[in-house]
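In: here is a sequence together with a model predicted from it:
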Amino acid sequence: MSSTTTKFLAGFLIGGAVGAIAGILLAPKSGEETRKMLKDGAVDALKKADETVKEIQAKADDVVSDLQKKGDEIKEKLQNLISQQKEEA
C-alpha cells in the first residue's frame, strides 16, 4: 500500500473520530445519553476499523500471491533460457 493511501486512510479515520467527538460533546444531551452514544460510536468505529483491516489484509494477500506467481514465472523463464544456452554451447 502506498504511503499516500496510508496517510489518506489515517487522516480520514482521525478526522471522522474528531468530528464525532466534537458532535457528541456539543450535543445537548444528558450524561447518560452521551456516554451511551460514545460507547455505541466506539463499537461502530471498532467494527468499521476491523472491516477495513480485513479488506486491506485481503488486498495485501492478493498482491503477495500475484507477486509469487510472477516470480515463479520469471524463474521458469530464466531456467528455460539457461537450458537453451547450455544446449547451444
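Out: On my side now, so go ahead.
In: ok, which stretches of the protein are helices?
Out: Secondary structure of the chain by DSSP state H: the helices cover 3-26, 31-88.
In: turn those helices into TSV, columns for mean neighbour count and mean pLDDT.
Out: For every residue, glycine as well, the C-beta is placed using N, CA and C. Formatted as TSV, those follow (neighbours: other C-beta atoms under 10 Å; pLDDT from 0 to 100):
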stretch	mean neighbour count	mean pLDDT
helix 3-26	11	80
helix 31-88	10	89
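In: what's the distance between residue 64 and residue 58?
Out: 11 Å (C-beta to C-beta, to the nearest Å).
In: what separates the residue nearest the centre of the chain from residue 50, distance-wise?
Out: Using C-alpha atoms, centre = their mean, the residue of the chain that lies closest to the mean C-alpha position is residue 56, 2.9 Å off. Counting by C-beta to C-beta, the gap from residue 56 to residue 50 is 11 Å.
In: now swap in residue 74 and tell me
Out: 36 Å.
In: ditto for residue 64
Out: 21 Å.
In: for residue 65, same thing?
Out: Applying C-beta to C-beta to residue 65 and residue 50 gives a distance of 22 Å.
In: then residue 78?
Out: Distance from residue 78 to residue 50, by C-beta to C-beta: 42 Å.
In: with residue 11 instead?
Out: In terms of C-beta to C-beta, residue 11 sits 19 Å off from residue 50.
In: check residue 20 too.
Out: For residue 20 relative to residue 50 (C-beta to C-beta), the value is 17 Å.
In: and residue 31, by the same measure?
Out: Taking C-beta to C-beta, one finds residue 31 at 29 Å from residue 50.
In: what does residue 59 give?
Out: Taken as C-beta to C-beta, the span from residue 59 to residue 50 is 15 Å.
In: then residue 69?
Out: Residue 69 is 29 Å from residue 50, by C-beta to C-beta.
In: got it, and residue 4?
Out: 23 Å.
In: before we move on, what about residue 7?
Out: On the measure of C-beta to C-beta, residue 7 and residue 50 end up 21 Å apart.
In: again with residue 44
Out: In terms of C-beta to C-beta, residue 44 sits 11 Å off from residue 50.
In: thank you kindly, that will do.
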